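Undergrad: sequence? don't have it. structure:
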Ligand code: GDP
Ligand code: MG
């Protein structure tokens, strides 16, 4: 797996002070393999590696970073920059209504589903939305669009299998004008593979409709072949955006990089479930982490690099691994580190889902501030304990708690709250034993 590759990479580079022509070759070979494993197409990988090499060469390796870590950082940044060039890209509706959006892509890519999702998204932006199907080859596909359009709460324009796609679409434009629709979404027929008839048809639709958005819908699970499909559509149509579907699957989504590179069009949306609300604005930063196969651990590592005492983390990791108890002394050391890393909430936000039991706590700025204050108070409370109490929290009965509370200038409830939090953390540490954050930090730590 990629994360293994990368951590091996991080390890082999230990003890070298900068990225040089000498050490960069090995590192880049690993990165190259990693990208291929994520299904990025070979020519795209080549280009990408060349760019990374140029950016990385001669880079000073700061602080406690190894050159391997520094390179992973460069790779991550370049990936995010490539996939997200131009920032978050919303739909362009700046035209005389109806704004026509043409959906293009292979059969099964998710065009019909995405049409309904976009209808829902646009209704959320207070738009009046009409959909129409140009898929005259499969009557079931027309029915499918009708069903999902109704689920989205938009209006569906009827079409029949005996009609010509261009005629249907123009009739829908007419209807949309007469009834003051803001947006007309035009779903189209796909084929299982690129073929000339399909391309001719969608070109004809494009010419007749002159859409403000022409979206290329592509399945993230498509893998290496995505590049050829993207090329064919790019040659046939002036694409204005990409929708990457089925990101809820287990692919690493390397297709995003290939498709972005080949079409030059921004990735605007990501499909994340079969459901009508399973559409998100594409987040390049996050997706770069996914392509690298390490979730948000990269961001965590970045924070760790900024502030944490790696030796303390390592000591703690050893302790957890050796199975000796996690006590309040460890908790204190962890709290101090969290302070450096931007607080508990910042840390939890960055943990990959598998470490937080699949749930990512949703925390806002106010929560952050509160967490920061809490961390400081917790620190104060533990510092008011004797070393023995820190090692044996079970000693903390009412009278000791009162003394500690007085010493820290807080209420006894605060002490109880801290002990609860400690117990939670203790539980979490047990769960992470052998495979968690500390191990990861250790590996990345150099
Ligand atoms: P089309 O042939 O391009 O119109 O593709 P469809 O919209 O009919 O989608 C093909 C299949 O993929 C359907 O079973 C959809 O439910 C499914 N699908 C589309 N988008 C997503 C997605 O983002 N996540 C998941 N899990 N399934 C999706
Ligand atoms: Mg369809």
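TA: Ah, there it is. None of the values given here were measured: they were computed from a predicted structure. Ligands and ions are numbered 1, 2, ... in the order given.

Undergrad: Can you get me a residue count around the residue in the chain that ligand 1 sits nearest to?
TA: At 2.5 Å from ligand 1, residue 271 is the closest residue in the chain, using C-beta to the nearest ligand atom. Every C-beta, even on glycine, is put in place using the N, C-alpha and C of the backbone. Each residue near residue 271 was counted by other C-beta atoms under 10 Å, and the total is 25.

Undergrad: now do the one 5 residues further on
TA: Per other C-beta under 10 Å, the neighbour tally for residue 276 reads 17.

Undergrad: List the residues that contact it.
TA: Contact partners of residue 276, counting by C-beta atoms under 8 Å, 6 or more residues apart in numbering, are 116-117, 120, 148, 151-152.

Undergrad: how about a cut-off of 10 Å?
TA: 113, 116-117, 119-121, 148-149, 151-153 (C-beta atoms under 10 Å, 6 or more residues apart in numbering).

Undergrad: Intersect those with the contacts of ligand 2.
TA: Contacts with ligand 2 within these, as defined by C-beta under 5 Å from the ion: none are present.

Undergrad: Keep those, but drop any that are not near ligand 1.
TA: residue 113 (C-beta under 6 Å from any ligand atom).

Undergrad: among the contacts of residue 276, which are in helices?
TA: 113, 116-117, 119-121, 148-149, 151-152 (DSSP state H).

Undergrad: Disregarding flanking residues, what is the spatial nearest neighbour of the residue of the chain closest to ligand 1?
TA: residue 245 (3.5 Å; C-beta to C-beta, 6 or more residues apart in numbering).

Undergrad: isn't the one you found right up against residue 270?
TA: Yes: counting by C-beta atoms under 10 Å, residue 245 does reach residue 270; the two are 7.7 Å apart.

Undergrad: what about these two, which has more around it?
TA: residue 245 (28 against 23).

Undergrad: Backbone torsions only: list them for that one.
TA: phi -100, psi 170 (degrees, to the nearest 10).

Undergrad: and what of the one 10 residues further on?
TA: The main-chain torsion angles of residue 255 are listed as degrees, to the nearest 10 and equal phi -60, psi -30.

Undergrad: Quick check: nearest residue in space to it, chain neighbours excluded?
TA: residue 226 is the one closest to residue 255 (C-beta to C-beta, 6+ apart), at 3.9 Å.

Undergrad: and the one you found, what is it in contact with?
TA: Residue 226 makes contact with 39-41, 44, 106, 109, 218-220, 244, 254-259, 262, according to C-beta under 10 Å, 6+ apart.

Undergrad: Count the residues that sit near the residue of the stretch 1-150 of the chain found nearest ligand 2.
TA: Across the stretch 1-150 of the chain, the shortest distance to ligand 2 (C-beta to the ion) belongs to residue 112, at 3.3 Å. Applying other C-beta under 10 Å, we find 25 residues neighbouring residue 112.

Undergrad: my read: it touches residue 144, true?
TA: Yes: if you go by C-beta under 10 Å, residue 112 and residue 144 touch, sitting 5.4 Å apart.

Undergrad: Mutual contacts of the two, please.
TA: Counting by C-beta under 10 Å, 6+ apart, the residues touching both residue 112 and residue 144 are 133, 135, 187.

Undergrad: What residues of stretch 107-124 count as buried?
TA: 107, 109-123 (16 or more other C-beta atoms under 10 Å).

Undergrad: Stretch 329-336 too?
TA: Buried residues in stretch 329-336 (16+ other C-beta under 10 Å): 329-335.

Undergrad: How far does it sit from its chain's centre?
TA: Chain-centre distance of stretch 329-336: 30 Å, with C-alpha atoms, centre = their mean, to the nearest Å.

Undergrad: again, but for stretch 77-86
TA: Using C-alpha atoms, centre = their mean, the offset of stretch 77-86 from its chain centre is 13 Å.

Undergrad: for it, which positions count as buried?
TA: 78-80, 82-84.

Undergrad: is it true that residue 417 touches residue 405?
TA: No: using C-beta under 10 Å, residue 417 is not in contact with residue 405; the gap is 11.0 Å.

Undergrad: Which neighbours do the two have in common?
TA: 381, 411.

Undergrad: Spell out which parts of the stretch 151-300 of the chain neighbour ligand 1.
TA: Going by C-beta under 6 Å from any ligand atom, the residues of the stretch 151-300 of the chain near ligand 1 are 190, 245-246, 248, 271-274, 278.

Undergrad: Now name the helix or strand holding residue 290.
TA: Counting by DSSP states H and E, the element that carries residue 290 is helix 284-291.

Undergrad: what's the closest of the residues of the stretch 151-300 of the chain next to ligand 1 to residue 102?
TA: residue 190 (12.7 Å; C-beta to C-beta).

Undergrad: List the contacts of that closest one.
TA: 103-112, 135, 137-138, 141, 198, 202, 217.

Undergrad: what do you get if the cut-off is 7 Å, keeping everything else the same?
TA: 105-107, 109, 111, 198 (C-beta atoms under 7 Å, 6 or more residues apart in numbering).

Undergrad: Just the ones in strands from those residues, please.
TA: Using DSSP state E, no member of the contacts of residue 190 falls in strands.

Undergrad: With pLDDT added, can I get the residues you listed in CSV?
TA: Listed next are these as CSV, based on pLDDT from 0 to 100:
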residue, pLDDT
105, 95
106, 93
107, 91
109, 95
111, 97
198, 87
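
Undergrad: Reformat the residues you listed as TSV; add distance to residue 285.
TA: Listed next are these as TSV, based on distance: C-beta to C-beta, whole Å:
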residue	distance to residue 285
105	25
106	28
107	32
109	25
111	27
198	35
